[in-house]
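A.B. asks: sequence first, then the predicted structure:
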Amino acid sequence: LDLIDNLITGGTRTNYGQAPDTLTAFASLVSMAGTQHAKLFSIAGGNCQLATLAASDSAAKVHLESKAVSVKSRHGKWEVKTLDVGKGEGVYDAVVVAYPLEGGTPSGVLDLSDKVLNARVADFAKRKKLHVTYCTFVRGTLNTNFLSAMGFRDACGKIPGIIMTTRQAAQSGIEFSSIGLQFGVDMSTQECDKYKEDSVGHLPPGVSTRPDAVWKVFSNTPLSEDALSRIFAPPSDGSCWKQHMVAEGGQSSDAVEGRVRQVRWEAYPEYDAEAIQGGELFLPFELGAGLAYTCSIERAASSVEMGMIGGKNAALLVRKHLLDIGVAEVA
């Protein structure tokens, strides 16, 4: 139990915002992969390129910000209608649903030919939901009083680059799930090393302050001004944190630089291990002939890698369907 409470819980709360007792063992295992920082990597220029470059490489015609309002079965094919008429609308031999159905899919958006499955998907969407994580980026320095209260003391002033939380901390009402130092997407290895040393490494003799760094705070509720003021030292520009607390997508006061950005993120499924152990099945990977679903696999565990497996699985299902109906040939 100590291993679960003091180690595994840190990983699951950081990567899923949830405790191990609500997750499957597999999801807990996947969450621990995200704690192996020495073995993790990122894409130079930003991980967002993974999706944009994949779309570009596929030579597909991509309609960004084009909302699908309905996908309906039509005589063995699938009719797609969009909010902006003409942007991706049409009747297709195959369609891939790459959007999580948890949280309530509006009635009529997804109309399957199999009425039993249609009712099952509607029931799933009504009962299941996505877990909301608030991701707050802060440019500043950690408050030494906060670190001392958390038990971090080092004679040379070294501080942690990541702080995870245990089950006991969660039960005591701690406001955050994790805090981590963030690196610029274009930083070289040498620049990352210097930035990390300046931000969390030993302080040189006679130096008592650190330069501002960017920190990411995960929490299950919006991070309050009070919490922000306790976790971080007062802004180095002489302002107060209240001036930087703005709504998502808003702008900070003209008198101060933007130092805080908070994003509400429907990040991953709200897991229910007891329901799965009780025999609850996932949604099928194929919602109908030629209608593939990528996100079913993320009910087992959610990550970029799991999403890629779901995408490949959908591509193989679409290929098989097109071969079966004779509109594609084996290359």
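C.D. replies: The structure has been received and is ready for your questions.
A.B. asks: so where do the strands sit in the stretch 51-200 of the chain?
C.D. replies: Secondary structure of the stretch 51-200 of the chain (DSSP state E, counting those that start in this stretch): strands located at 68-74, 77-82, 90-92, 95-97, 110-111, 130-140, 162-164, 178-182.
A.B. asks: worst average pLDDT in those strands?
C.D. replies: Per-stretch mean pLDDT for the strands of the stretch 51-200 of the chain is lowest at strand 110-111 (a mean of 81).
A.B. asks: show me what it is packed against.
C.D. replies: Judged by 3 or more C-beta pairs under 8 Å, 6 or more residues apart in numbering; DSSP states H and E, the packing partners of strand 110-111 are strand 68-74, helix 115-127. In short, each C-beta sits where N, CA and C put it, glycine included.
A.B. asks: quick revisit: want to throw the strands of the stretch 51-200 of the chain into JSON lines with distance to residue 290?
C.D. replies: Formatted as JSON lines, those follow (distance: least, C-beta to C-beta, whole Å):
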{"stretch": "strand 68-74", "distance to residue 290": "9"}
{"stretch": "strand 77-82", "distance to residue 290": "6"}
{"stretch": "strand 90-92", "distance to residue 290": "8"}
{"stretch": "strand 95-97", "distance to residue 290": "7"}
{"stretch": "strand 110-111", "distance to residue 290": "14"}
{"stretch": "strand 130-140", "distance to residue 290": "26"}
{"stretch": "strand 162-164", "distance to residue 290": "44"}
{"stretch": "strand 178-182", "distance to residue 290": "41"}
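A.B. asks: ok, which of the ones you listed comes nearest residue 221?
C.D. replies: Closest to residue 221 of the strands of the stretch 51-200 of the chain, according to C-beta to C-beta: strand 130-140, at 6.5 Å.
A.B. asks: got the angle for the closest one vs strand 178-182?
C.D. replies: 50 degrees (axes from the mean of the first three to the mean of the last three C-alpha atoms, to 10 degrees).
A.B. asks: now do the buried residues in strand 130-140.
C.D. replies: Residues of strand 130-140 classed as buried by neighbour count (16 or more other C-beta atoms under 10 Å): 130, 131, 132, 133, 134, 136, 138, 139, 140.
A.B. asks: the second one contacts residue 270, correct?
C.D. replies: Yes: counting by C-beta atoms under 8 Å, residue 131 sits close enough to residue 270 to count as a contact (4.4 Å).
A.B. asks: what do the two both touch?
C.D. replies: Counting by C-beta atoms under 8 Å, 6 or more residues apart in numbering, the shared contacts of residue 131 and residue 270 are residue 18.
A.B. asks: for stretch 215-222, which positions count as buried?
C.D. replies: By neighbour count, with 16+ other C-beta under 10 Å as the criterion, the buried positions of stretch 215-222 are 215, 217, 218, 219.
A.B. asks: closest to residue 51 among those?
C.D. replies: Among those, and counting by C-beta to C-beta, the member closest to residue 51 is residue 218, at 21.7 Å.
A.B. asks: reduced to three states, what does that closest one come out as?
C.D. replies: Recorded secondary structure, residue 218: strand (DSSP: H, G, I helix; E, B strand; the rest coil).
A.B. asks: nearest spatial neighbour of it, skipping sequence neighbours?
C.D. replies: Distances taken as C-beta to C-beta, 6 or more residues apart in numbering place residue 177 nearest to residue 218, at 4.4 Å, with adjacent residues excluded.
A.B. asks: where does the stretch 101-250 of the chain dip in pLDDT?
C.D. replies: Where the stretch 101-250 of the chain drops to pLDDT under 70, the residues are 104-108, 246-250.
A.B. asks: in it, which spans are helices?
C.D. replies: In the stretch 101-250 of the chain, the helices defined using DSSP state H, counting those that start in this stretch lie at 115-127, 144-149, 167-171, 189-200, 225-231.
A.B. asks: ok, and which of the ones you listed has the densest surroundings?
C.D. replies: Of the helices of the stretch 101-250 of the chain, the one with the most neighbours on average (mean count of other C-beta atoms under 10 Å) is helix 225-231, at a mean of 17.
A.B. asks: tell me which helix or strand comes right after that helix.
C.D. replies: Going down the chain from helix 225-231, the next helix or strand is strand 260-269, by DSSP states H and E.
A.B. asks: now do that next one and strand 130-140, the angle between them.
C.D. replies: Interaxial angle, strand 260-269 versus strand 130-140 (the same axes, to 10 degrees): 150 degrees.
A.B. asks: can I get strand 260-269 in PDB, CA atoms only?
C.D. replies: C-alpha atoms of strand 260-269 as PDB (Å, rounded to 0.1, in the frame of the first residue of the first chain):
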ATOM      1  CA  VAL A 260      -0.500  33.100 -16.100                       C
ATOM      2  CA  ARG A 261      -2.400  31.100 -18.600                       C
ATOM      3  CA  GLN A 262      -5.000  28.600 -17.400                       C
ATOM      4  CA  VAL A 263      -6.700  26.100 -19.700                       C
ATOM      5  CA  ARG A 264      -9.700  23.800 -19.000                       C
ATOM      6  CA  TRP A 265      -8.700  20.500 -20.600                       C
ATOM      7  CA  GLU A 266     -11.000  17.500 -21.200                       C
ATOM      8  CA  ALA A 267      -7.900  15.500 -21.100                       C
ATOM      9  CA  TYR A 268      -8.800  11.800 -20.700                       C
ATOM     10  CA  PRO A 269     -11.600   9.400 -19.700                       C
END
